[in-house]
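Trainee: Have a look at this prediction, sequence included:
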Amino acid sequence: MIPHFYRRSFEPRSIDKGTILQLLGFWSCQYYFKTTAGLKLILFLCFGVSFVSNLCSFANIQPFRNKLIHPDFIISNSMHTHKCSVKKDFLEEQSVLRKICRFLIFFAFLCLSIATQQTKAQTITPKVEVPDWALPGSASHTQVPPPADFHRTTRTEAKAIGIFTGQSDVGAALMSGSSDYNPVTKQYRIVSAGYNVWYQRDEFRYLWVETSGDVSLSADVDFPDTAGYDDRKAFVVIRQSLDDDSKEAVVALHGGGLLHLAWRPQKGQLMKEVRINHRKGMTDLISGQITRIGIQKRGESFTLSAGTLNDPIHQAGDVIQLHLDPPFYVGIGFCSHLPAKTDTALFSKVILVNPAGTQP
């Protein structure tokens with residue numbers, strides 16, 4: 001039988017109402033003050049200290065129980081004689097371990113609170129300043145060309161993705177783009193912001209390969225977010241360089257369904273276009289939901305191809321002329337048409353035919 005003065009130390013105690021209220025108060029404050037990092041840290045520490053104090057009040061140190069009920073310890077004839085000294089030694093040992101336990105738990109709370117604050121600080125997105133000219137068109141605003149001397153240096157990764165050998169944020173949009181490739185479905189996903197691919201400079205995410213001679217590129221296109229901006233553009237494009245104001249020819253499908261072949265005749269000049277649908281009083285050359293687009297280069301001649309749910313891909317619209325020096329870039333791209341907000345486009349069944357007529 002364990003002596004009376006030991007029993008209290010081993011009696012299990014339940015968490016009192018104060019501890020439960022403190023925990024509820026802590027998580028409530030975490031929710032209501034989640035935007036105030038400093039206050040959140042203070043609350044975390046205060047409630048943590050309170051909780052640790054209550055925790056330590058009912059801590060149960062099992063090793064001592066094992067020691068006290070050991071037969072050699074209990075049957076000792078001198079136990080009654082040394083009861084006071086044993087009690088004192090036991091309480092001192094228990095006090096030391098409780099202090100160690102209290103410190104370790106408090107230290108864990110402290111590390112957790114600091115780590116939480118650092119993680120949230122790292123994920124805070126800095127405020128992005130958007131120039132007025134880059135704002136998208138709306139009922140109360142008309143988008144205008146960028147200043148003539150405005151440029152941003154393109155961000156490029158020399159990282160292969162699928163059949164493409166590189167990827168770039170042409171024009172360095174305010175929000176960085178990203179892209180990935182699923183080798184099973186052979187689908188490309190492009191995430192990009194960007195004010196536009198128009199006027200005298202562009203902003204978009206570009207997956208490309210450098211080549212020369214005659215070339216054609218086609219792909220199925222889809223916009224996962226059906227509520228995206230109508231003028232966002234998913235496209236196949238051939239460019240002279242990766243500069244934001246490069247000469248280029250682009251076949252673009254807009255979020256609102258518009259399809260056109262557009263080109264920039266010279267570096268830094270305004271874009272021109274040939275519309276295939278949405279032709280302002282003229283008959284559409286292609287009707288129905290367009291699902292596949294393509295571009296072909298033969299010498300200095302560029303043509304557009306498109307297909308719908310009901311019709312296979314075929315050439316449509318006028319032929320345009322554009323001179324590009326070898327080598328040049330060909331690939332797929334996407335622009336959200338929102339300068340500080342990304343959107344997503346999906347490209348599948350991508351077919352690139354090189355000058356020799358072989359398919360990668």
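Mentor: Okay, I see it.
Trainee: Show me where the stretch 201-350 of the chain dips below the pLDDT cut-off.
Mentor: Along the stretch 201-350 of the chain, no part satisfies pLDDT under 70.
Trainee: What segments of it are strands?
Mentor: According to DSSP state E, counting those that start in this stretch, the stretch 201-350 of the chain carries its strands in the segments 201-202, 204-211, 215-222, 233-239, 248-254, 259-264, 272-275, 290-298, 301-308, 314-321, 328-335, 343-353.
Trainee: Save those as a markdown table, and put in distance to V144 and mean neighbour count too.
Mentor: In this view, the C-beta of every residue, glycine as well, is placed from N, C-alpha and C. Shown next, in a markdown table, are the strands of the stretch 201-350 of the chain (distance: least, Cβ to Cβ, whole Å; neighbours: other Cβ atoms under 10 Å):
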| stretch | distance to V144 | mean neighbour count |
| --- | --- | --- |
| strand 201-202 | 13 | 26 |
| strand 204-211 | 19 | 23 |
| strand 215-222 | 28 | 20 |
| strand 233-239 | 18 | 26 |
| strand 248-254 | 19 | 26 |
| strand 259-264 | 17 | 23 |
| strand 272-275 | 18 | 16 |
| strand 290-298 | 28 | 20 |
| strand 301-308 | 27 | 21 |
| strand 314-321 | 25 | 14 |
| strand 328-335 | 17 | 27 |
| strand 343-353 | 22 | 20 |
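Trainee: Now tabulate those strands in a markdown table and tack on distance to A172.
Mentor: Shown next, in a markdown table, are these (distance: least, Cβ to Cβ, whole Å):
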| stretch | distance to A172 |
| --- | --- |
| strand 201-202 | 11 |
| strand 204-211 | 11 |
| strand 215-222 | 24 |
| strand 233-239 | 16 |
| strand 248-254 | 17 |
| strand 259-264 | 18 |
| strand 272-275 | 24 |
| strand 290-298 | 24 |
| strand 301-308 | 26 |
| strand 314-321 | 28 |
| strand 328-335 | 13 |
| strand 343-353 | 17 |
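Trainee: what's the span of stretch 281-299, first residue to last?
Mentor: 33 Å (Cα to Cα, to the nearest Å).
Trainee: Apologies, that question was intended for stretch 146-158.
Mentor: 28 Å.
Trainee: Of all the residues in that stretch, which ones are buried?
Mentor: Neighbour counts using 16 or more other Cβ atoms under 10 Å place P146, H151, T154, R155 of stretch 146-158 among the buried residues.
Trainee: Of those, which is the nearest to L258?
Mentor: P146 (21.7 Å; Cβ to Cβ).
Trainee: wait, is that closest one part of a strand?
Mentor: No. Judged by DSSP: H, G, I helix; E, B strand; the rest coil, P146 forms no part of a strand; its state is coil.
Trainee: Can you give me the distance of it to P131?
Mentor: From P146 across to P131, the span is 8 Å (Cβ to Cβ, to the nearest Å).
Trainee: And the strands of the stretch 201-350 of the chain: which comes nearest S168?
Mentor: Among those, strand 204-211 sits nearest to S168 (Cβ to Cβ), with 4.8 Å.
Trainee: What pairs with the closest one, parallel or antiparallel?
Mentor: strand 166-170 (antiparallel), strand 328-335 (antiparallel) (DSSP bridges).
Trainee: Helix, strand, or coil at Q143?
Mentor: With three-state DSSP as the criterion, Q143 reads coil.
Trainee: wait, which of the strands of the stretch 201-350 of the chain is closest to A160?
Mentor: Between those, strand 204-211 lies closest to A160; by Cβ to Cβ that is 9.1 Å.
Trainee: Contacts for that closest one next, please.
Mentor: With contacts defined as Cβ atoms under 8 Å, 6 or more residues apart in numbering, strand 204-211 is touched by 161-171, 173, 177-179, 188, 190-192, 194, 197, 233, 237, 239, 242, 327-335, 352, 354-355.
Trainee: picking up where we left off before, would you tell me which of the strands of the stretch 201-350 of the chain gets closest to P183?
Mentor: strand 343-353 (12.4 Å).
Trainee: What helices and strands are in contact with that closest one?
Mentor: Counting contacts by 3 or more Cβ pairs under 8 Å, 6 or more residues apart in numbering; DSSP states H and E, strand 343-353 packs against strand 187-192, strand 215-222, strand 328-335.
Trainee: What about A134? Give its phi and psi, please.
Mentor: phi -90, psi -10 (degrees, to the nearest 10).
Trainee: What about it, how many residues nearby?
Mentor: 19 (other Cβ atoms under 10 Å).
Trainee: Who are the contact partners of it?
Mentor: Neighbours of A134 in contact, by Cβ under 8 Å, 6+ apart: Q143, P146, Y195, P339.
Trainee: redo that, cut-off 6 Å
Mentor: Y195, P339 (Cβ atoms under 6 Å, 6 or more residues apart in numbering).
Trainee: Likewise for the one 3 residues further on?
Mentor: Contacts for G137 (Cβ under 6 Å, 6+ apart) come out as Q143.
Trainee: quick one: it from H260, how far?
Mentor: For G137, the distance to H260 equals 16 Å [Cβ to Cβ].
Trainee: what's the answer for L346, then?
Mentor: The gap separating L346 from H260 is 20 Å, by Cβ to Cβ.
Trainee: repeat for T291
Mentor: T291 is 16 Å from H260, by Cβ to Cβ.
Trainee: what does stretch 163-183 contact?
Mentor: 128, 152, 154-158, 161-162, 188-194, 201-209, 242, 244, 331, 339-340, 342, 352, 360.
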